[in-house]
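*Asks:* The following block contains a protein sequence and its predicted model.
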Amino acid sequence: MLKIGDFAKLSRVSIKTLRYYDDMGLLKPSEVDRFTGYRYYTLDLLPRLNRILALKDLGLSLEQIAQLLDEDLPADQIRGMLRLKRAELRQLVDEEQARLARVEVRLKQIEQEGKMPDYDVIVKQVDPIRVAAIRDEGNSETIGAIAGRLFGEVASFVERTSAGFGGPPMMLYGYADECSDWRIEVAMPISRAVPGSGCIEVHELPAIEAMACTVHRGAFDTLPEAYRAMMGWIESNGYHICAESREVYLNFDQVDPSRNVTEIQFPIAKNEE
C-alpha cells in the first residue's frame, strides 16, 4: 500500500488530481482508513491511471473517459467518440492557423506603416434583415445626390405605413450590368412586414456567414481611406468579395459630419488554393 503522496510522486500526478478522480469515481483508492480518511493506493492502479492520462491527453473529457473505462462500450461507439474528437481538433488547428495568418498580416502592416493600422477588421456572421428598400443605377458622380433622395423616399414610406424603424439605415453597392457603373440599394430595417409600394420593395437581406467589417468615424469624403484598408486586408488574408458590399450608418450627423459613424461590410469567401 502506498500513501496518496507517495502514489502521486510515483505517477507524477498531483494529490489534488487524485482526490478529484476519487470524487468522480474515476480512480478509487485501494483502501481508505475509516478513522483518518487517508487514502492508500496499490501499484495495480497504475495501468488504469495511465489510461486515464493517455485518454485525457487525446482531449477527451473525464466524463467520456469514465464511459470508455467503465461501461464496456462497443468498438463502433469508441471509434465514433475518437472521430468526433479528431474533427474538433482539426477545426481548432484550422482556426489557430487562420489566427496565425492574421497575426502575420498585422505585423506586416505595422512594419510597413510604423504604427498600428487605423482600421481594425473583424469577420462576423450577419443575420437576415427585413428591409424596405429602393434601387437605382448610374455613375459614381451622382451617388451622393441620388442616395439622399432615396433615403428620403424610404423614410417617408416607413413612417406612412407604420412599419417601424428596426435598425440603422444602410446602402448596398453592386454592379447592375456591363452598361452601368454601379447599382445602389438604399435599405432601412423595419420592425414588421408591410406591402411594398411603387419603387419601394419590402424584402429580406440574406444572412451572411462571413462578413468582413470595419468602422469609419468621420465625414463621408474620408470613407475611401477605410475602403483601401478593407481591400488590403481582404487581399492579404486570402479572401475575395462574394456579394454586394454594405455601408451601415450607425450614426449620421448632418450638422457635424465628424460625428458620423459608418460600418463598412464586405461578404467574403476564402480563395481556392
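*Replies:* Thanks, I have the structure now.
*Asks:* Using the three-state scheme, assign the residue most central in space within the chain.
*Replies:* Geometric centre of the chain, nearest residue: Lys124, 4.6 Å, by Cα atoms, centre = their mean. Under DSSP: H, G, I helix; E, B strand; the rest coil, Lys124 falls in the strand class.
*Asks:* Could you list the low-pLDDT ranges of the chain?
*Replies:* 113, 115-117, 138-142, 175-182, 273 (pLDDT under 70).
*Asks:* again, only using 80
*Replies:* Low-confidence segments of the chain (pLDDT under 80): 71-73, 102, 105-106, 108-118, 137-145, 174-182, 273.
*Asks:* Now do the helices in it.
*Replies:* Ranges of helices in the chain, per DSSP state H, are 4-11, 15-24, 46-57, 62-70, 75-113, 143-161, 223-236.
*Asks:* Need the ones you listed in JSON lines (columns: distance to Ser258 and mean neighbour count).
*Replies:* Every C-beta, even on glycine, is put in place using the N, C-alpha and C of the backbone. Formatted as JSON lines, those follow (distance: least, Cβ to Cβ, whole Å; neighbours: other Cβ atoms under 10 Å):
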{"stretch": "helix 4-11", "distance to Ser258": "64", "mean neighbour count": "16"}
{"stretch": "helix 15-24", "distance to Ser258": "57", "mean neighbour count": "15"}
{"stretch": "helix 46-57", "distance to Ser258": "56", "mean neighbour count": "14"}
{"stretch": "helix 62-70", "distance to Ser258": "56", "mean neighbour count": "16"}
{"stretch": "helix 75-113", "distance to Ser258": "23", "mean neighbour count": "12"}
{"stretch": "helix 143-161", "distance to Ser258": "17", "mean neighbour count": "15"}
{"stretch": "helix 223-236", "distance to Ser258": "13", "mean neighbour count": "16"}
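*Asks:* Among those, which comes closest to Pro168?
*Replies:* Comparison of the helices of the chain against Pro168 by Cβ to Cβ identifies helix 143-161 as nearest, at 11.7 Å.
*Asks:* For that closest one, name the packing helices and strands.
*Replies:* strand 129-138, strand 182-189 (3 or more Cβ pairs under 8 Å, 6 or more residues apart in numbering; DSSP states H and E).
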